[in-house]
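A.B. asks: just a sequence and a predicted model for now, questions to come.
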2 protein chains.
Amino acid sequence: MDTLITYLVPLAGVLGLLYTLIKSSWVSKQDTGTKKMAEISEHIQRGAMAFLKAEYKVLSIFVLSVAILLGVTANAQTSHWLVSVSFIIGAFCSGLAGFIGMRVATKANVRTTNAAREGLGKGLNIAFAGGSVMGLGVVGLGVLGLGSLFLIFGDMFGTGTAADVNKVLAVVTGFSFGASSIALFARVGGGIYTKAADVGADLVGKVEAGIPEDHPLNPATIADNVGDNVGDVAGMGADLFESYVGSIIGTMVLGAAFMANPEWADNFNGLSAVLLPLVLAGTGIVTSIIGTFFVRVKEGGNPQTALNIGEFVSAIIMLIASYLLIQWMLPASWAHTTIFGDELTITSMGVFWATIFGLAAGLLIGLITEHYTGTGTGPVKSIVRQSSTGAATNIIAGVGVGMISTAIPIVIIAIAMIASYEFAGLYGIAIAAVGMLSNTGIQLAVDAYGPISDNAGGIAEMSELPSEVRDRTDKLDAVGNTTAAIGKGFAIGSAALTALALFAAFITSYNATHATNLSGINITQPTVMAALFIGAMLPFLFSALSMNAVGRAAMSMIEEVRRQFNDIPELRAGLDAMGRNEGEKLENWSEEDQEIFETATGKAEYEKCVEISTTASLREMIAPGVLAVAVPVAFGFIGGPEMLGGLLAGVTASGVLMALFQSNAGGAWDNAKKMIEEGFEHEGEMLEKGSEAHKASVVGDTVGDPFKDTSGPSLNILIKLMSVVALVIATMI
Amino acid sequence: MDTLITYLVPLAGVLGLLYTLIKSSWVSKQDTGTKKMAEISEHIQRGAMAFLKAEYKVLSIFVLSVAILLGVTANAQTSHWLVSVSFIIGAFCSGLAGFIGMRVATKANVRTTNAAREGLGKGLNIAFAGGSVMGLGVVGLGVLGLGSLFLIFGDMFGTGTAADVNKVLAVVTGFSFGASSIALFARVGGGIYTKAADVGADLVGKVEAGIPEDHPLNPATIADNVGDNVGDVAGMGADLFESYVGSIIGTMVLGAAFMANPEWADNFNGLSAVLLPLVLAGTGIVTSIIGTFFVRVKEGGNPQTALNIGEFVSAIIMLIASYLLIQWMLPASWAHTTIFGDELTITSMGVFWATIFGLAAGLLIGLITEHYTGTGTGPVKSIVRQSSTGAATNIIAGVGVGMISTAIPIVIIAIAMIASYEFAGLYGIAIAAVGMLSNTGIQLAVDAYGPISDNAGGIAEMSELPSEVRDRTDKLDAVGNTTAAIGKGFAIGSAALTALALFAAFITSYNATHATNLSGINITQPTVMAALFIGAMLPFLFSALSMNAVGRAAMSMIEEVRRQFNDIPELRAGLDAMGRNEGEKLENWSEEDQEIFETATGKAEYEKCVEISTTASLREMIAPGVLAVAVPVAFGFIGGPEMLGGLLAGVTASGVLMALFQSNAGGAWDNAKKMIEEGFEHEGEMLEKGSEAHKASVVGDTVGDPFKDTSGPSLNILIKLMSVVALVIATMI
């Protein structure tokens, strides 16, 4: 049975990639609309690809250096040099996932705009197809990569004994390490890029020059749209790729621990506990594909319902499949496990329940997130009300909402952790994370659908299409929001559980390869407590670094836009013409002004702004990225495994909290602004666009941008990356 | 020897109180100046006392309930009901310390103003005398209380064996619990009071009605000045009282562990390790008093130098005294200790080094704090620069500075922790905290001097004294700032070390009274990790609660001020007269307007605003206070000692970080505003009062207010209170 499975798993990955290929070529075949639309879309595409190219050039140096380091140190120790090969492949797959996602997203955006000229349904189909390419690409590459590496190295080292499997997994772990490090750079770099462009475009364009968002006269407008792709598509893809891979590999390592347990051998044989996460992931690919067929909307239908049905169908099938697979692969009543002195009887039903706890936790955290950040909810309304007394009270209210929003999710994570442990030991915690992520394919499809429709709106604006097109793309964009909130809940919940699973895997792997076992990590030891303090500090340092980076990069952007407004006479003249005809529609301008405006359009040197965002974000991503890898290595080799464990505990707890705080505060500020823009009555006074309250809410939204799009999401990766590094070096320290 | 010491310690406390009495009556004898000054000062004094009275009424209910609960549960268990008596005495002493400090501060403020009419030196003398009453009162009460309780209960239960001493200390711990819970309420309540009044006075007074700060026509102005006393004097006094007491009791409990160690008996006898912290504290009272004699300045001299010399002299004497006392009381080379499996040889020199590490850590953290928050430093300048692009960038920059400012202090704390452990075991960590706090007397004198001179300035403004008086009080106020930053460093550093000492004491005390010992607290246990997550979340929840409370209380204040402006015709007329004569000096107004203004002055119903701040802050302090006590109790009794340990580790790490982040961000925003008000050239443009950058910096400052004066400092107490609660219930769970 095991042999069959090891061959089937990579095939599931291939299936995912095949789907990607078909959908991607379908998207390419769609019409790009007017010449202007095609031109703008080409600008965005070129900018996005230029960024990826430059980024991958920098990253390949990093990847090669780390790979050499890994190969060299591995030779001298109990580890194997092949781990560096896995590392390179992991990094490559992560980069490829980002590339695939971004390539299709930059194609789908303009085609969505064009389809939206005809109707809502067609727009949805294209945007969702683009998203599903991203989704299935990520899970396909993940399962194919992990599955084939396990197959190849398993063949090489054998999988008969626990020691063999541990050796195989130690090498395969490199894949996860590669994926995580690329993810961190992609998230941080992408996050800095998108916010630098956004803030730069807003501050000089909207505020100083008085031109609307996405206006062709604004030199930073293309960079802004590129940023959406770089940050929200490529960054998010790499992020979920590493969560997905991390949770699977963590579970595999913990599963191998059962093989070393004599009672396991008495009850059951083979690799089933090791293979289960791979099988669940592979099945998830199939159920995700099935789900995508249910996402279709007729003209006049509700796009939200379409997305919900797709996710729901796929989740239900996955649930049933999980039950059957677990019952098939694992023995009904099975060994006592005595890891860390705890006596637990683990059963296949227990493992199934653990996946349910994971799913439930993810869903609940998503709903709570929606409660604290959604339009029209109590907390967001409180921010709206406090905007009426100015920016300061708006900020205080938002910080308060962000901080209080951490409470319930943390309690949920704590309960999920304890419950899945009680039902299936440490393996239960890991499998809960896998359960949460098994539907990543369709979940990510919905997530990526968001920025595609957002971009489609930008293109509609820049190509000066009729306003009903923009209205339709806005509707498409709005639909994704609730689903995206749930997705965020899954991202944070799974990050916490995955980090814990990797943490447990680190201890297990250390014990499997060392004569003196760690009986635990004791925080009454001052060295451990000191490491815990430093670990807890890292998310603060990391957030500060990325936030300051956004500030610096935005400043460069502002200077460039100002320079262009000064140095390009046509642009200057165009702005003057706009000033003369303020508020008037273009067709009512004097002929002369219309001509000046036409000449101005396209004179902005978009590519210079793109270049500035690119170089700035690449320069700024280095320090935080290196920090995240270097600190656990230093603690592991100098301080030893206990201090490394303390460090991980600190960084995980504080990282999850800071991620929740920053993402939710940012989301709440964003929607508070939106609520005011739609008009909100407070104590008889109307808070609306242009009011003092609106200005205050814009301040909150701008503060929230780097919170929710740069530093917040990077922390999810930080905590997993540091755990993976620990797992990789576990055999060497 | 031990008997002699146990009698001498309370005497040192009495000496401190005697000094307090003498200085306090000296301050009372000084002249209060004009009739108007006396009137205003009486308003402030009455408001402050009204708050204390109302607060103590609420707190006495809390104290009695907890005391009854403690007495009842103690009877049924291994604990003793007398712990509730200690608890009541501790609460009473803490309240008394706040009362003494506030009483003298509200007397010293107007007398400082009056003295400042003659010269700087006289002003300094009075303000510092007021501060030293507070400082010596706090340490005197602490040493007297702890010393006499140890004397009495030691007499009752005996101090011959480790078991006896443990019983004594378990009862004495109640004193620390009482002190901590009052401190938390005082800090939170005082913090809410002062910021509600401040924000309320600013937003309606300055912004809506356009009258300057501390203007007699503003009904909230008295409440604002009361708030400075309630928050910065009474709150801070209670805060340091509990740090002081907590670090001493934690060290005593850890010292008792040596008595149980057979090697200790071979090398040495008696209570010396238990008594050492008391002796150091008692000596600190004497050195603090000596230090105060060195704080004097001649006309034209530099007040900063005077304060520095006082602190420096007292620190040097303390250092020498510590060395001699430790060598005298402890054996030169002394037992191996094997607590938690660690083998350490502890020597008297090792213990001395630990106190040095504590002192050095406190000093370094203070300097770092100054670097991140002081006027003219790099980080603050970066906030100033980013204010030129608006409030949003000002906020982002401040948050960034606050977050990055956590890094070095945490590393310092970690190193101090490990180093003092290496030199003197867990006892070393505790004694490092004692070393840091041994000079609390004079340190607190300098801290309390700050709000007294601040208040003196307010009184000068309200009494319409010539501007050179205000200039002098401003100079006095500014002098205290650097010293206050160092004081903050000591507060945070000592809070971290004290919490750790109490944490270790909790384990030691649990093990001393239970058959099954805790061998440690293992974070690889999911229950422990879950508790750690929840612990780390509490500072976020706690900060959110207090921040929201400030928002709500400020709203009530705003409504009351608006009501008075509407309902009191004289006030309305006075404001109109001010509007007609905007920017003109009073003597140049028309006679009619001068008359209207005279009639208006004093018509504001100050006491209504005082009442609103009082009731709001008392109402709002309940939830966070109860939370802080209830959570560790629940975890201890339901989850057991390991989960309680995890909770404490989480709350300590995240609490120290959040306290650093919030205090430093708030401090940096405050000084960035001040730098702009003094004028700052940026890219050829002058940032100054009234500019857009100034408005942005005001937003930052307002956001920073609750950060640095409400939620930030409360967290210092939260972490210690929760550890003390754990220590108190250690024998019962």
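C.D. replies: That came in fine, so what should we check first?
A.B. asks: for residue A:464, give me its contacts.
C.D. replies: A:36, A:586 (CB atoms under 8 Å, 6 or more residues apart in numbering or on different chains). Heads up, the C-betas are built off the backbone N, CA and C, glycines and all.
A.B. asks: and with 10 Å instead?
C.D. replies: When the contact criterion is CB atoms under 10 Å, 6 or more residues apart in numbering or on different chains, the partners of residue A:464 are A:34, A:36-37, A:215-216, A:586, A:601.
A.B. asks: those: which ones sit near chain B?
C.D. replies: By CB under 10 Å from any CB of the partner chain, no member of these lies near chain B.
A.B. asks: tabulate those residues (a markdown table), appending secondary structure, neighbour count and pLDDT.
C.D. replies: Output for those, formatted as a markdown table (DSSP: H, G, I helix; E, B strand; the rest coil; neighbours: other CB atoms under 10 Å in any protein chain shown; pLDDT from 0 to 100):
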| residue | secondary structure | neighbour count | pLDDT |
| --- | --- | --- | --- |
| A:34 | coil | 16 | 90 |
| A:36 | helix | 16 | 87 |
| A:37 | helix | 23 | 90 |
| A:215 | coil | 19 | 79 |
| A:216 | coil | 22 | 78 |
| A:586 | helix | 13 | 73 |
| A:601 | coil | 17 | 77 |
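A.B. asks: nearest to chain B among the residues you listed?
C.D. replies: Distances from these to chain B were compared by CB to the nearest CB; the smallest belongs to residue A:215, at 20.2 Å.
A.B. asks: how much space between the nearest residue to that closest one once chain neighbours are set aside and chain B?
C.D. replies: The shortest distance from residue A:215 to any non-neighbouring residue, by CB to CB, 6 or more residues apart in numbering or on different chains, is to residue A:221 (6.3 Å). The span separating residue A:221 from chain B equals 19 Å under the rule CB to the nearest CB, to the nearest Å.
A.B. asks: surely residue A:221 meets residue A:458?
C.D. replies: Yes. Under the contact definition of CB atoms under 10 Å, residue A:221 touches residue A:458, with a separation of 7.8 Å.
A.B. asks: which of the two has more neighbours?
C.D. replies: residue A:221 (28 against 23; other CB atoms under 10 Å in any protein chain shown).
A.B. asks: who's in contact with that one?
C.D. replies: When contacts are counted by CB under 10 Å, 6+ apart, residue A:221 touches A:40, A:43-44, A:197, A:201, A:205, A:211-215, A:458, A:461-462, A:561, A:604, A:606, A:609.
A.B. asks: next, count neighbours for residue A:401.
C.D. replies: Using other CB under 10 Å, residue A:401 has 28 neighbouring residues.
A.B. asks: what's near enough to touch it?
C.D. replies: By CB under 10 Å, 6+ apart, the residues touching residue A:401 are A:372-373, A:377-380, A:382-383, A:386, A:661, A:664-665, A:667-669, A:672, B:544, B:547-548.
A.B. asks: now do the SS call for it.
C.D. replies: Of the three states, residue A:401 takes helix under DSSP: H, G, I helix; E, B strand; the rest coil.
A.B. asks: of the contacts of residue A:221, which belong to helices?
C.D. replies: Taking DSSP state H as the definition of helices, the contacts of residue A:221 contribute A:40, A:43-44, A:197, A:458, A:461-462, A:561, A:606, A:609.
A.B. asks: buried ones among the contacts of residue A:401?
C.D. replies: Members of the contacts of residue A:401 that pass the buried threshold by neighbour count (16 or more other CB atoms under 10 Å in any protein chain shown) are listed as A:372-373, A:377, A:379-380, A:382-383, A:386, A:661, A:664-665, A:667-669, A:672, B:544, B:547-548.
A.B. asks: does the helix or strand hosting residue A:363 reach chain B?
C.D. replies: Residue A:363 belongs to helix A:348-373 when assigned by DSSP states H and E. No. In terms of CB under 10 Å from any CB, no part of helix A:348-373 sits within range of chain B; the closest distance is 11.0 Å.
A.B. asks: in that helix, what counts as buried?
C.D. replies: A:348-366, A:368-373.
A.B. asks: in chain A, what spans have low per-residue confidence?
C.D. replies: Under the criterion of pLDDT under 70, the regions of chain A flagged as low confidence span A:1, A:75-79, A:206-207, A:213, A:261-270, A:334-343, A:480-485, A:583.
A.B. asks: strands along that one, start to end?
C.D. replies: Counting by DSSP state E, the segments of chain A that form strands are A:333-337, A:344-347, A:680-682, A:685-687.
A.B. asks: what helices or strands is the second one leaning on?
C.D. replies: Secondary-structure packing of strand A:344-347 (3 or more CB pairs under 10 Å, 6 or more residues apart in numbering or on different chains; DSSP states H and E): helix A:262-267, strand A:333-337, helix A:348-373, helix A:407-437.
A.B. asks: now with 6 Å?
C.D. replies: Applying 3 or more CB pairs under 6 Å, 6 or more residues apart in numbering or on different chains; DSSP states H and E, one finds that strand A:344-347 makes contact with strand A:333-337, helix A:407-437.
A.B. asks: quick one: which of those is nearest residue A:311?
C.D. replies: Counting by CB to CB, residue A:311 lies closest to helix A:407-437 out of those; the figure is 13.5 Å.
A.B. asks: does that closest one come close to chain B?
C.D. replies: Yes. Contact between helix A:407-437 and chain B is present through A:407, A:410, A:414, A:417-418, A:421 (criterion: CB under 6 Å from any CB of the partner chain).
A.B. asks: adding neighbour count, write those out as a markdown table.
C.D. replies: What follows is those, written out as a markdown table (neighbours: other CB atoms under 10 Å in any protein chain shown):
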| residue | neighbour count |
| --- | --- |
| A:407 | 19 |
| A:410 | 26 |
| A:414 | 21 |
| A:417 | 23 |
| A:418 | 21 |
| A:421 | 25 |
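A.B. asks: what about the residue in the stretch 251-400 of chain A that chain B sits nearest to, distance to residue B:60?
C.D. replies: Minimum separation of the stretch 251-400 of chain A from chain B (CB to the nearest CB) falls at residue A:392, amounting to 3.6 Å. When CB to CB, to the nearest Å is applied, the distance between residue A:392 and residue B:60 equals 36 Å.
A.B. asks: those two: which is more packed in?
C.D. replies: Just comparing residue A:392 and residue B:60: by other CB under 10 Å the higher neighbour count belongs to residue A:392, 25 against 14.
A.B. asks: my read: the more buried one touches residue B:699, true?
C.D. replies: Yes. Contact criterion CB atoms under 6 Å: residue A:392 and residue B:699 qualify, at 4.7 Å.
A.B. asks: quick check: the residue in the stretch 51-200 of chain A that chain B sits nearest to vs residue B:422, distance?
C.D. replies: Closest approach between the stretch 51-200 of chain A and chain B, counting by CB to the nearest CB: residue A:199, at 8.1 Å. Distance of residue A:199 to residue B:422, given as CB to CB: 48 Å.
A.B. asks: which of the two has more neighbours?
C.D. replies: In this comparison of residue A:199 against residue B:422, neighbours counted by other CB under 10 Å, the higher total goes to residue A:199 at 26 against 17.
A.B. asks: quick one, what contacts that one?
C.D. replies: Taking CB atoms under 6 Å, 6 or more residues apart in numbering or on different chains as the definition of contact, the neighbours of residue A:199 are residue A:554.
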